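S.K.: here is my input, please return the structure:
(chains A and B)
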Amino acid sequence: MFYDVIVIGAGLAGLMAAEAAQRQGARALVLARGMGSLALTTGCIDGLGYIPGTSKAPLASPLTALSQLKEEHPHHPYAIVGQERILDALEHFQELCQVMDLPYTGTFKQNLLLPTPLGTYHPTCLVPETMAQGTLSIPGSVLLLGFRGLKDFSPFLAAENLNLLHSQGKVAPSFRAEALDKLDLGGRALNGLNLAQAFDSKDFRKEFVKKIKPTLRSGERLGLPAVLGLHFPGEALAELREMLNAEVFEIPLPPPSVPGLRLYRKLKMHLQEKGVRIFVGLSALNPLKSPKGLNGFSLGKSKNSPVYRAKAFVLATGKFVGGGLDSERGRIFETLLDLPVKYPKKRREWFNVRLLNPAGQPFNRFGVEVNEHLQPVDTEGRVIYPNLFAAGGIVAHGDSMSEKSGGGVAIATGYLAGKLAAGIK
Amino acid sequence: MKTNIDQCIKCSICNAYCPVLKATGLFPGPKLCGPDAERFRLKGKPIPAEWLEFCDYCKICERVCPHNVRIPELHIRSRIAGKTPKPSFRDWLLGHSYLLEKLGGWGTPVSNWINRWAFFRWLLDRGLGIDHRIKMPPFHRQTFTRWFQRRKDFKGTPIAYFHGCYTNYIDPALGRDMVEVLEKNGFRVILPDQECCGLPLVSNGFFAGATRLGEKNLKSLRKVVEGGIEVIFSSPSCGMTIKQEYDSILHIPGASILSEHLSEISQFLLRLHEEGKLNTSFKRISDTYYYHAPCHLRALQVGLPALDLLSLIPGLKVIELPEGCCGLAGSYGFKREKYAVAREVGEEIFQALRKRKAKVVISDCEACRMQIGSQTGVKTYHPVQILRQAYGE
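M.R.: Here you go, the predicted structure:
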């Protein structure tokens, strides 16, 4: 089959690239090995939380820190895309989310601090409306409510740690914790996902409100783990706010993350409605190359395997977690096209001995070098395939872990790569 | 390639998409049951046996896994290792459904009367644990193979058709449409000797029996393939078993040679179209149908060829249903303790159909068609049957 643009990877960067290409009128196809890493994220779109190795405090604004980032990392994906196109892409993302009925608030101009389930904070810039009231700069008192038996969230631990931060003046609100007695989910396991599906039902929400209304003091905000519905979080939020007469917010849990899954599902559904095909679970993607560029991919090794061809391609396969990069002892490589990856020869320099060192792990910056059009280039800076663009984690020099920049980089590069790919004739 | 459990990075994406975990608390999910438990099994430590029984083998976990850990294969491997109790008589019956179908086909119409007899269903339910609510598909006196034998010879490029038991005994109309669609494209269909592919035996824990059937099929199909004839199949589950499981699970020597010459029918026809050889004189069908992509078709990793193929029919609009498992999973949904789970698994699809007041659903897999048809009352067809309609007389 023939398409205009084939995107490899179904993470945020890949889906945004497909969306951008489709919007330009291109017939787009997404091929992916797995479902992408959105379910491993908080569902928030991080902009730029830190410039590792500089200050320990989170940055006040990703936007104003861009020039400093460029000085530290001249080839950072943000530096390549540039301020104007970053803002353009994020604005487009927010509009898209509005259309998909999954609104995101915030702006790239300002970082928000949101609570984590362990009772620390993380800086981010675009947040789902269900999390907005959790922003740690909003003063007042908060009731953190957990569910007994939900192993991913202890409200007591979270409240204790957050109160510690409160006493140091680092966060505005004060916290107290309660836990609901064990819920019956009709025989289903008690986990974030099943709870979220239970919250999609009106009756369950009514029961829930009945149970917690006596515990909630007036004027208190209610903080819950992120389980307010898998399909209709907006509806659940509005209803709880009204019935409890209080502000309600969610705290994202460890993977699989409900807010991440919501975004994935909505994006996927939106793309499918627009006619974009998405094939997930392809273990053997074999590139078909010619001297002129990339021609397509065969979905297997046999001569019977179906072949998908396109005019242009977007590589959005992520790094080590996504599967775009892999390593052997002494070698790091790009898994799909064996594009050159720059890394120190000495293995010792790949790692930082302290796992959670704020300066980050050097291997998290490895990836494919690209030019100003996001085209992968070789060591001499020559374009490898004129019809190939890279987006998201696979692009070198960004470190989403220590910078807290994953979502922003994925959207900015994905949106641009999709547009550029759609322009190839 | 053997599954390396160190590939699993414990991200839980498989759990997020496992339809059975969503439906019941009795199943701890693919991650725990697969790569996590494998560490214990490798050390010879037992894990609760009923866990594995609840996997419906839809392979969604493997599909969504960012690292392609073959979780279902881990489940099967630990069943082969004998760490689960012996299958029951009920499971024996369901595993050997090809024998029952043979018997039922021979005994029509009496077998169909008995099947519809409420007392008999009550007996099956209470006595054996085959749920009385599930609709038993009717048998046919004229099986597909019998119909085919009486047919006039057709001249054209030979092509071998692996029809599977369901087409032969339960849905001979599909077999007839397959033959006629292929003949419209200049092919002469031949039916190689064939047994049940063995998947029901695999999923009910009878691996030796499955291997025996597999060896027979391999022998016969090999002869065909070595004679330069390609093989097509209309059931993605049969096809997946022959193409993948004969080699990776049953370890039948020489099985890998088949996968080069075996094609799913829609993929085969689409390839013809790409080569400009497909007869596309389709009549207009001004209607909207819905399409459900079966899990085992997705496991074949061929994209969704039926959708591309059906888009060639003028006037026809085909809408893809939400991605997911219908729940029946062959014999899984027939079991009393799993009937409710199976219904819950497919609920998202059923709801979508009800909401849209769908009349017709197209799906490549017979089990999906059975489940969707009986749970929602819609008419179900194989994509090839729609093509047959579009060709007209």
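S.K.: so B:Phe207 makes contact with B:Ile80?
M.R.: Yes: with the criterion set as CB atoms under 8 Å, B:Phe207 and B:Ile80 qualify as a contacting pair; they are 5.3 Å apart. The C-beta positions use only the backbone N, C-alpha and C, and glycine is treated the same way.
S.K.: identify the contacts common to these two.
M.R.: By the contact definition CB atoms under 8 Å, 6 or more residues apart in numbering or on different chains, B:Phe207 and B:Ile80 are jointly contacted by B:Ile249.
S.K.: higher neighbour count, those two?
M.R.: B:Phe207 (19 against 16; other CB atoms under 10 Å in any protein chain shown).
S.K.: for A:Phe249, what are its contacts?
M.R.: For A:Phe249, the residues meeting the contact criterion (CB under 8 Å, 6+ apart) are A:Thr130, A:Met131, A:Ala132, A:Gln133, A:Gly134, A:Arg221, A:Leu222, A:Gly223, A:Leu224.
S.K.: what sits against the fifth one?
M.R.: With contact taken as CB under 8 Å, 6+ apart, A:Gly134 is in contact with A:Leu114, A:Pro115, A:Gly223, A:Phe249, A:Glu250, A:Ile251.
S.K.: how about the helix or strand hosting B:Ile114: buried residues?
M.R.: For B:Ile114, the element it lies in under DSSP states H and E is helix B:110-116. Judged by neighbour count using 16 or more other CB atoms under 10 Å in any protein chain shown, the buried positions of helix B:110-116 are B:Ser111, B:Asn112, B:Asn115.
S.K.: same thing with stretch A:77-85?
M.R.: Quick answer for stretch A:77-85 (16+ other CB under 10 Å): A:Pro77, A:Tyr78, A:Ala79, A:Ile80, A:Val81, A:Gln83, A:Arg85.
S.K.: pull the residues that contact stretch A:383-391.
M.R.: Contacts of stretch A:383-391 from elsewhere in the structure, counted by CB under 8 Å, 6+ apart, are A:13-14, A:16-17, A:289, A:292-294, A:311-316, A:337, A:339-340, A:368, A:370-371, A:373-378, A:410, A:413-414, A:416-418, A:420-421, A:424.
S.K.: give me the nearest residue to B:Leu300, chain neighbours excluded.
M.R.: Setting aside the residues directly before and after it, B:Leu300 is nearest to B:Met240 in space (CB to CB, 6 or more residues apart in numbering or on different chains), at 5.6 Å.
S.K.: count the neighbours of the one you found for me.
M.R.: Using other CB under 10 Å, B:Met240 has 24 other residues around it.
S.K.: cool, A:Lys210 as well?
M.R.: For A:Lys210, using other CB under 10 Å, the count is 10.
S.K.: do the same with the one 4 residues further on
M.R.: For A:Pro214, the neighbour count with other CB under 10 Å is 7.
S.K.: repeat for A:Arg354
M.R.: Applying other CB under 10 Å, we find 9 other residues in the vicinity of A:Arg354.
S.K.: okay, it and A:Lys301: tell me how far apart.
M.R.: Separation of A:Arg354 from A:Lys301 (CB to CB, to the nearest Å): 42 Å.
S.K.: go on, A:Gly47?
M.R.: Taking CB to CB as the criterion, A:Gly47 is separated from A:Lys301 by 42 Å.
S.K.: so if I had to pick from those two, which one is more boxed in?
M.R.: A:Gly47 (34 against 11).
S.K.: the more buried one and A:Pro340: what is the separation?
M.R.: With the distance defined as CB to CB, A:Gly47 ends up 29 Å from A:Pro340.
S.K.: and if you look at A:Phe93?
M.R.: Relative to A:Pro340, and taking CB to CB, A:Phe93 is found at 30 Å.
S.K.: quick one: which helix or strand includes A:Cys97?
M.R.: helix A:83-99.
S.K.: run through who's touching that helix.
M.R.: For helix A:83-99, the external contacting residues (CB under 8 Å, 6+ apart) are A:16, A:19-20, A:45, A:47, A:63, A:66, A:78, A:81, A:103-104, A:107-108, A:126, A:266, A:270, A:408, A:411-412, A:414-416.
S.K.: ok, stretch A:371-382 next?
M.R.: Surrounding stretch A:371-382, the residues in contact under the criterion CB under 8 Å, 6+ apart are A:80-81, A:315, A:339-340, A:342, A:368-370, A:383-386, A:388-391, A:395, A:413, A:416-417, A:420.
S.K.: likewise stretch A:278-288?
M.R.: The contact list for stretch A:278-288 (CB under 8 Å, 6+ apart) reads A:8, A:10, A:18, A:29-35, A:268, A:271-272, A:294-301, A:305, A:307, A:309, A:336-337, B:62-64, B:68, B:298-299, B:301, B:303-304.
S.K.: could you list the buried residues of the longest helix along chain B?
M.R.: Ranked by residue count under DSSP state H, the longest helix found in chain B is helix B:207-226. For helix B:207-226, the neighbour count (16+ other CB under 10 Å) marks B:207, B:209-215, B:217-218, B:220-222, B:224-225 as buried.
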